[in-house]
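Asker: Using only what follows, build the 3D model:
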Amino acid sequence: MKFMKLGSKPDSFQIDGYNFRYVASDLATDIVINIRDVKFYLHKFPLLSKSARLQKLVATANEENNDEIYIQDIPGGPAAFEICAKFCYGMTVTLNAYNVVAARCAAEYLEMYETIEKGNLVYKIDVFLNSSVFRSWKDSIIVLQTTKSLLPWSEELKVVGHCLDSIASKASIDTSKVDWSYTYNRKKLPYENGNDPLWNSVRKLQMVPKDWWVEDLCELQIDLYKQVMTTIKTKGKVSGDVIGEALNAYTLRRLPGFSKGVLQGGDVVKYRSLVETIVQILPTEKGSIQCSFLLKLLRAAIMLECGETEQQELIRRIGQQLEEATVADLLFRAPSGESMIYDVDIVQNLVEEFAMHEQNAQADSLMENEFQEIRIPRFVPDASKVMVAKLVDGYLAEVSRDPNLSVSKFVNLAAMVSSFSRPSHDGLYRAIDMYLREHPGIGKSERKRICRLMDCRKLSAEACMHAVQNERLPLRVVVQVLFFEQLRATTSTGNSTPELPGSIRALIPGGSHGSSRSTTTNTEEDWDAVPTAEDIKALKGELASLRLGGGDGRVDSNRDVNNGAKINAEKVVAYKMKGLVMSKLFSKLWSSKERNGEISSSDTSESPVSTNADETKSTPSRSRRQSVS
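Answerer: Numbers count the residues shown, from 1 in each chain. As a prediction, the model looks like this:
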């Protein structure tokens, strides 16, 4: 720490109790100066020779025949006045970062200028500040902290401005030029201890991190911290990610429990002001702030009931980089008094913001490409969309454990990412299965509504294996999964399967577009019913026995490489699947149609129907299966 000694005479100030100060001298004191609740018994001559204000006050007191002067508003109080008085007597005074601002403000108040006497206190302190204090990293921070209790004097004298500029300039300097001790907690460099290591007679270079100044600024109160960070950002030499790291470190230091997503008591008003201020000074560059930090800020803002403006700004910023989040980050607790465990509405707002941002970005890109007359595909796969869709799938699987999560909230959130193209629906299937397991009492229509979110063609072999044994899924979903698995194995096209053939779309009422076949309400209910374990086992056994090829329905393996063979295989699988399902599982469905006179000649010729009433009425007991975890 820098310091400056003024004067050469010994300090002869004496203290008598708490409220009395006097100078030990052979000469009797001739003036009493009251600084708040402290009395100073002093001599007029040394004081009046250096202070224009005291000259005026003494003159006024003489006119009133009063030997006491009352000063209540001097900045720095009795301690600062004592420094000024000792300087007037020529006594030794030591100025440092802790007392220099108070002394400077008091000297200004007492008008200790060069016009009164050369080398006066105001001049000497200004020299010390400019030549030493403002050139020191640590001293600048300490001085800035002392200015808060001396407002508005410290601000009017531009001490605050000089401190801010000094700190911001040093934080913005090239790290290769940092040659001072740059943190309070850092161990001293070897050469500072006198042990300078040499390697081949060359001094080892000390690597200074870009965020070397972050921890030191955490010592500042939030109002001063805001001023410093604003000044640093204005200079524009510090990258946004470093500023983001600084804000993160400050919040962790100043907000107890922030890292754990909880608040550990304390002054709520103070903490609310802190969070709102941090939000206001966030860097504007996308990606400069970690998404996890922004989500913790949002969590704190909600708990502290921060302003709507700050909360919406955080939602906007998080939405722009939502792909960086994790499921744990999104588990916001529902407000007290609500029946749900988690606040799903917040996540819906975040996903909506992400979708809006991506849409705007795509529109801007298309306009730019059109202006440049560059022809590119209109829809380009976006990795961030895939990541957000996967994130939402994982989130839904987690919140589905909440028994009070409504079907509407589940479906609405899942539908928000339904347009995001992703190669697999395994995560969505897991979420759907989890919801069905935790909400066994939902109706057929709600079960159907949830399952419509899933594309069976995008399930992996493992997920399909689980789905066809899943007694919680509607019958139509099990049939679709079985069909696509059989078709995938037949065409040997890997994980990608072709569009559902028209014959199978006609088979399934939910996907029947342009079919002449009509279905009644009872038929829809049959399709949406949950199959028994015995039904599923029988259907799987029949599928496993299917053989495709040759003139009797088989497809030559040598022709699978061309489109003709692929189409032929689809037709064969569709035909046999249709006959299988109709004969084994849906005799009641077609019996109902016969009673209503709705079966066409083409229907009866293609699908043999069993009318055995005992077969349709039997409902074997179910064997429960565990959900995919």
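
Asker: Just give me how far stretch 323-340 sits from the chain centre.
Answerer: 13 Å (CA atoms, centre = their mean, to the nearest Å).

Asker: cool, stretch 24-34 as well?
Answerer: For stretch 24-34 - counting by CA atoms, centre = their mean - the centre lies 65 Å from the chain centre.

Asker: again, but for stretch 248-259
Answerer: 14 Å.

Asker: tell me which residues in that stretch are buried?
Answerer: 248, 250-251, 254-255, 258 (16 or more other CB atoms under 10 Å). To be clear about C-beta, it is placed using only N, CA and C from the backbone, and glycine gets the same treatment.

Asker: same deal with stretch 25-42?
Answerer: 31-33, 35, 38-42.

Asker: just stretch 265-279 next, same as before
Answerer: 271-272, 274-279.

Asker: and what of stretch 287-306?
Answerer: Those would be 288-291, 293-304, 306, for stretch 287-306 by 16+ other CB under 10 Å.

Asker: Please, where are all the strands along the stretch 351-500 of the chain?
Answerer: For the stretch 351-500 of the chain, strands defined by DSSP state E, counting those that start in this stretch do not occur.

Asker: Kindly apply the preceding question to the chain instead.
Answerer: With DSSP state E as the definition, the chain shows strands at residue ranges 3-6, 13-16, 20-23, 31-35, 38-42, 68-71, 93-96, 198-199, 202-203.

Asker: residues near Pro423, how many?
Answerer: 11 (other CB atoms under 10 Å).

Asker: measure Ile432 to Asn470 for me?
Answerer: Computed as CB to CB, to the nearest Å, the Ile432 to Asn470 distance reads 10 Å.

Asker: what about these two, which has more around it?
Answerer: Ile432 (29 against 24).

Asker: Quick check: that one touching Ile450?
Answerer: Yes - in this structure, Ile432 is within contact of Ile450 by CB atoms under 8 Å, at 5.5 Å.

Asker: The nearest residue to Glu446 once chain neighbours are set aside: how many residues sit nearby?
Answerer: Computed as CB to CB, 6 or more residues apart in numbering, the closest residue to Glu446 that is not its neighbour in sequence is Val407, at 4.6 Å. Val407: 16 surrounding residues under other CB under 10 Å.

Asker: Pull the number of nearby residues for Met91.
Answerer: Neighbours around Met91, by other CB under 10 Å: 19.

Asker: Residues in a beta bridge with it, which ones?
Answerer: Beta bridges link Met91 to Lys9, judged by DSSP bridges.

Asker: Please report how far it lies from Val208.
Answerer: For Met91 relative to Val208 (CB to CB), the value is 42 Å.

Asker: Check Thr183 and give its pLDDT.
Answerer: Looking at Thr183, its pLDDT is 57.

Asker: in the stretch 51-200 of the chain, which spans are helices?
Answerer: For the stretch 51-200 of the chain, helices defined by DSSP state H, counting those that start in this stretch occupy the ranges 52-63, 77-89, 100-109, 121-131, 137-147, 153-156, 159-171.

Asker: Just the C-alpha atoms of the fifth one, please, in CSV.
Answerer: Extracted C-alpha coordinates of helix 137-147, given in CSV (Å, rounded to 0.1, in the frame of the first residue of the first chain):
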residue,chain,number,x,y,z
TRP,A,137,-4.5,-1.5,-8.4
LYS,A,138,-5.2,-2.3,-4.7
ASP,A,139,-5.2,1.3,-3.5
SER,A,140,-7.6,2.3,-6.2
ILE,A,141,-10.1,-0.3,-5.0
ILE,A,142,-9.7,0.7,-1.3
VAL,A,143,-10.0,4.4,-2.1
LEU,A,144,-13.2,3.7,-4.1
GLN,A,145,-14.7,1.9,-1.1
THR,A,146,-14.0,4.9,1.1
THR,A,147,-15.7,7.3,-1.2
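
Asker: So which elements touch that helix?
Answerer: Helix 137-147 sits against helix 100-109, helix 153-156, helix 159-171, helix 214-217, helix 222-235, with contacts defined as 3 or more CB pairs under 8 Å, 6 or more residues apart in numbering; DSSP states H and E.

Asker: Quick check: buried residues in the last one?
Answerer: Neighbour-count burial for helix 222-235, with 16+ other CB under 10 Å as criterion, is recorded at 222, 224-229, 231-233.

Asker: Next, format those residues as a markdown table and append pLDDT and distance to Asp241.
Answerer: Formatted as a markdown table, these follow (pLDDT from 0 to 100; distance: CB to CB, whole Å):
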| residue | pLDDT | distance to Asp241 |
| --- | --- | --- |
| Ile222 | 95 | 22 |
| Leu224 | 95 | 23 |
| Tyr225 | 96 | 18 |
| Lys226 | 96 | 19 |
| Gln227 | 96 | 21 |
| Val228 | 96 | 18 |
| Met229 | 95 | 14 |
| Thr231 | 95 | 19 |
| Ile232 | 95 | 13 |
| Lys233 | 93 | 13 |
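
Asker: Of these, just say which sits nearest to Glu215.
Answerer: Tyr225 (12.5 Å; CB to CB).

Asker: Find the centremost residue of this structure, please.
Answerer: Leu294 (2.3 Å; CA atoms, centre = their mean).

Asker: Ignoring the adjacent residues along the chain, who's closest to that residue?
Answerer: Closest to Leu294 by CB to CB, 6+ apart is Ile318, at 4.9 Å.

Asker: I'd assumed Cys291 was in contact with the one you found.
Answerer: Yes - using CB under 8 Å, Ile318 is in contact with Cys291, at 6.3 Å.

Asker: what sits in contact with each of these two?
Answerer: Ala325 (CB atoms under 8 Å, 6 or more residues apart in numbering).

Asker: How about the contacts made by Tyr271?
Answerer: Here Tyr271 is in contact with 255, 263, 300, 304 (CB under 8 Å, 6+ apart).

Asker: what's the answer for Val388, then?
Answerer: Val388 sits in contact with 322-323, 351, 354, 417, 420, where contact means CB under 8 Å, 6+ apart.
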